[in-house]
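Asks: Any chance you could fold what I've pasted below:
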Amino acid sequence: MFYLTVDTGTTNTRVRVWRGDRVVAGAFAAVGVRDTAVTGSRARLQQGVREALSAACAEAGITVDDAGAIVASGMITSNVGLHEVPHLAAPAGLEDLAAGMVAAVVPEVADKPIWFIPGVKNSIGTVDLDNCERMDIMRGEEVEAFGLVRRLGLRDASIVVLPGSHTKFILMNDRQRIAGCLTTLAGELLSVITNNTILASALNSSFVNSINEQMVLRGAECARQVGLSRACFTVRILDQFTGCDVAEKANFLLGAVVQTDLTALRFSWTFAIRPEMPVYIAGKRELRAAFHAVLQQDGFFRGTLQAIDDEVLQDIAGFGAMTVARERGLVR
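Replies: Numbers count the residues shown, from 1 in each chain. Okay, here's the model as predicted:
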């Protein structure tokens, strides 16, 4: 039996065709919930998801109707997605996500029901100015977390780091339930600083494509001492008064941004962390390396610090969605 997973974010959609735990086909569409937010209509998102489903199924030699189930996760479950599903309050386990799945027919996309997996939010009751920093939300990262729990065989309370447009820190308790999450704008911030500030010329509007650990750690140390804003301007100082090349300056900036993320993790009121907690780092290779280096230098965490291998991360969102669907009894 074949199964389909749909992972829709802000700007992109990925469809995978699964047979057992193996991906046999896939498709990508440059469409996401931002299209709904910008146009005020779901039409483009619906069309993009429908075409991606058809393309993936064609590659697998099946039709959408042949699939045992269609399982969707990510921002597609938000108010600007295909079908809104309320967040579940943490702590939330695999069984909670499975029980919270909602089936809905979206005729513009497929004739059969799509099973939507809910996101997770921190549980703090009414949010006000006194406690707003404790609140956090996610849609999509929760299935990645459970995919990693399964593939890595996690048992102890741990922290999962998912860098991207937003860095997501997820606290898993010792019962493998999501105890809470913490989000920063790191990726978007890095993009804006690199492309839309006075640093654009110094950085040639380019990001790190190869880690220079020494420069990452220098940037992190600078941010730790004087804050992110001053560390950013120091990139211009490096440009004007030293022989640092573009790659070195980009690594310095990356280190400064990563250090700011770790400061948030250390001092946020969102959830309590302990130095002995293992930390598992996902994301793109360069980001994994940068987080690993800065975490080691920081010295707070004394437990396992693991940059997760590419093989483990392969199709992790779809794998996590399949794990939830299997718990629900949708996957045989």
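Asks: right, and Arg34 touches Asn12 too?
Replies: No: applying Cβ atoms under 8 Å as the test, Arg34 and Asn12 come out as separate, 9.7 Å apart. Yep, even glycine has a C-beta here, placed from its N, CA and C like the rest.
Asks: chain center to stretch 106-116: distance?
Replies: 25 Å (Cα atoms, centre = their mean, to the nearest Å).
Asks: Name the residues that touch that stretch?
Replies: 6, 42-43, 46-47, 49-50, 53, 64-65, 67, 69-73, 76-77, 82-83, 85, 101-105, 325, 328, 330 (Cβ atoms under 8 Å, 6 or more residues apart in numbering).
Asks: Pull out the buried residues from that stretch.
Replies: Val106, Val109, Ala110, Ile114, Trp115, Phe116 (16 or more other Cβ atoms under 10 Å).
Asks: that older thread, among the contacts of stretch 106-116, which are located in helices?
Replies: Ala43, Gln46, Gln47, Val49, Arg50, Leu53, Ala325, Arg328 (DSSP state H).
Asks: Next, the contact list for the fourth one, please.
Replies: Contacts for Val49 were tallied using Cβ under 8 Å, 6+ apart; they are Val6, Thr8, Thr13, Val15, Ala29, Val31, Ile76, Leu82, Val109.
Asks: go on, the second one?
Replies: Residues touching Gln46, when contacts are defined by Cβ under 8 Å, 6+ apart, comprise Leu82, Val106, Glu108, Val109.
Asks: element containing Val143, please.
Replies: Counting by DSSP states H and E, the element that carries Val143 is helix 141-152.
Asks: What is the distance between that helix and the centre of its chain?
Replies: 11 Å.
Asks: just stretch 211-230 next, same as before
Replies: Using Cα atoms, centre = their mean, the offset of stretch 211-230 from its chain centre is 23 Å.
Asks: Enumerate residues external to it that contact any of its residues.
Replies: 231, 234, 244, 247-249, 251-260, 263, 286, 289-290, 293-294, 297-298.
Asks: again, 6 Å this time
Replies: 231, 234, 248, 251-256, 259-260, 286, 289-290, 293-294, 297 (Cβ atoms under 6 Å, 6 or more residues apart in numbering).
Asks: before we move on, what about stretch 6-13?
Replies: Contacts of stretch 6-13 (Cβ under 6 Å, 6+ apart): 14-15, 29-34, 48-49, 52, 72-76, 317.
Asks: Please report phi then psi for Ile62.
Replies: As for Ile62, its main-chain torsions (degrees, to the nearest 10) stand at phi -130, psi 180.
Asks: Scan this protein for its longest helix.
Replies: Counting by DSSP H, the longest helix found in the chain is helix 246-267.
Asks: Just the CA atoms of it, as PDB, please.
Replies: Taking C-alpha atoms only, helix 246-267 is exported to PDB below (Å, rounded to 0.1, in the frame of the first residue of the first chain):
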ATOM      1  CA  VAL A 246      33.400  37.400   2.500                       C
ATOM      2  CA  ALA A 247      33.200  33.800   3.800                       C
ATOM      3  CA  GLU A 248      35.000  34.700   7.000                       C
ATOM      4  CA  LYS A 249      32.700  37.700   7.700                       C
ATOM      5  CA  ALA A 250      29.600  35.500   6.900                       C
ATOM      6  CA  ASN A 251      30.800  32.900   9.400                       C
ATOM      7  CA  PHE A 252      31.400  35.600  12.000                       C
ATOM      8  CA  LEU A 253      27.800  36.900  11.600                       C
ATOM      9  CA  LEU A 254      26.400  33.300  11.700                       C
ATOM     10  CA  GLY A 255      28.200  32.700  15.000                       C
ATOM     11  CA  ALA A 256      26.800  35.900  16.400                       C
ATOM     12  CA  VAL A 257      23.200  35.000  15.500                       C
ATOM     13  CA  VAL A 258      23.600  31.400  16.800                       C
ATOM     14  CA  GLN A 259      25.000  32.700  20.100                       C
ATOM     15  CA  THR A 260      21.900  34.900  20.400                       C
ATOM     16  CA  ASP A 261      19.700  31.800  19.900                       C
ATOM     17  CA  LEU A 262      21.600  30.000  22.700                       C
ATOM     18  CA  THR A 263      21.100  33.000  25.000                       C
ATOM     19  CA  ALA A 264      17.400  32.700  24.400                       C
ATOM     20  CA  LEU A 265      17.500  29.000  25.200                       C
ATOM     21  CA  ARG A 266      19.500  29.600  28.300                       C
ATOM     22  CA  PHE A 267      17.500  32.400  29.800                       C
END
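Asks: for the residue lying closest to Thr260 once chain neighbours are set aside, phi and psi?
Replies: In space, and not counting its chain neighbours, Thr260 is closest to Leu228: 4.7 Å by Cβ to Cβ, 6 or more residues apart in numbering. Reported as degrees, to the nearest 10, the phi and psi values for Leu228 are phi -70, psi -40.
Asks: Distance check, Leu228 against Leu182.
Replies: 17 Å (Cβ to Cβ, to the nearest Å).
Asks: now Ile170
Replies: Ile170 is 8 Å from Leu182, by Cβ to Cβ.
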